[in-house]
Structures are given as structure tokens and as C-alpha cells.
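1. Sequence first, predicted coordinates after that:
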Amino acid sequence: MTRFARYTAVGAVATAVHYAILALAVEAGLLGAPSAAALGAWVGAQVAFAGNACFTFPGAPAGVRSWLRFQGTAVIGAAISFAVVAGGVAIGLHYLLAQPIATVVALAATYHVNRRWTFTTRPGRR
């Protein structure tokens, strides 16, 4: 399995955790949808960090510095997703068509940032 395939698999698990927390918190009446989505996204990002540290980039540093970099990269990925969906809707795409495009663009961008910055052992390597 390639490193990018492992990154994609970890992202799929993290997304499933995100959605499960969203649905469970809303359906149980614990949180409103926006708060549940934010909680789910945050927990999903922690799952993604752990999975990528262990499975995608084993042997790379996974301390506080890498964790902070990963969190920043996750925010950038969310901004990319927002921008692509907004742009797609602005040109007439249905949001459910724009979202998969946004997901692929954000996945590719965050993979490269995480590979070269978050989980690198030496500058410019990996």
C-alpha cells in the first residue's frame, strides 16, 4: 500500500469518527448540529494525527510540534474545502457535487504538507 493510500485510509477512518460523533451527539440531544460537527471534526483530527503518526509516517517525529503542525494543516484543509465548495456553488454546481471535489483537493494538499512539514525527520525529506 502506498503512503498516499495509507493517508487516505486514515482520513476515511477519521471522517467516520467525525460523522459518528456528529450523529450521536445530535440524535442523543447532547449538542446542536454545529457544535456536534465541530466536536466531531476535532476528534476526527486527533484520530487522523494518531493514525498518520503510526500508520502513514511511522518513525517520523510525533510530538507536540508535529501535533501543532497537523492541527494547523487540518485548519488549512478545512479552508480549502470551504473555498472549493463555495466556488463550486457560485458557478452553479450542486453542493453535493462540489464537496467530493473539495475533498480530493484538500486531501492532496494536506497530504503534501503533512508529508513534507508535519511528519518530516529532516527539512525537505520524505
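-> Received it, and whenever you're ready, just let me know what you need.

2. how far does the helix or strand hosting Ala50 sit from the chain's center?
-> Taking DSSP states H and E as the criterion, Ala50 maps to helix 33-51. Here the centre of helix 33-51 is set off from its chain's centre by 9 Å, with CA atoms, centre = their mean, to the nearest Å.

3. where in this structure is pLDDT low?
-> Residue ranges of the chain with pLDDT under 70: 122-126.

4. can you give me the helices for the protein?
-> With DSSP state H as the criterion, the chain has helices at 3-27, 33-51, 64-90, 95-113.

5. Turn those helices into TSV, including distance to Thr120 and mean neighbour count.
-> (Each C-beta comes from the backbone N, C-alpha and C, glycine too.) What follows is these, written out as TSV (distance: least, CB to CB, whole Å; neighbours: other CB atoms under 10 Å):
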stretch	distance to Thr120	mean neighbour count
helix 3-27	13	16
helix 33-51	15	17
helix 64-90	9	16
helix 95-113	10	16
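
6. For the helix holding Ala50, which outside residues touch it?
-> Contacts of helix 33-51 from elsewhere in the structure, counted by CB atoms under 8 Å, 6 or more residues apart in numbering, are 10-11, 13-15, 17-23, 25-26, 30-31, 62, 66-67, 70-71, 74, 78.

7. Try it again at 6 Å.
-> Residues lying outside helix 33-51 but in contact with it, judged by CB atoms under 6 Å, 6 or more residues apart in numbering, are Val10, Ala14, Val17, His18, Ile21, Leu22, Ala25, Val26, Phe70, Ala74.

8. Distance to Phe57 for the helices of the chain - can I get that in CSV?
-> What follows is those, written out as CSV (distance: least, CB to CB, whole Å):
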stretch, distance to Phe57
helix 3-27, 8
helix 33-51, 10
helix 64-90, 9
helix 95-113, 10
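
9. for Ala92, phi and psi?
-> No, residue 92 isn't Ala; it's Gly. Backbone dihedrals for Gly92, given as degrees, to the nearest 10, come out at phi 100, psi 0.

10. Quick check: the gap between it and Phe119.
-> Relative to Phe119, Gly92 is positioned 38 Å away (criterion: CB to CB, to the nearest Å).

11. The two: which has the busier surroundings?
-> Neighbours around Gly92 and Phe119, counted as other CB atoms under 10 Å, are more numerous at Phe119. The numbers are 22 against 8.

12. I appreciate the help and will end here.
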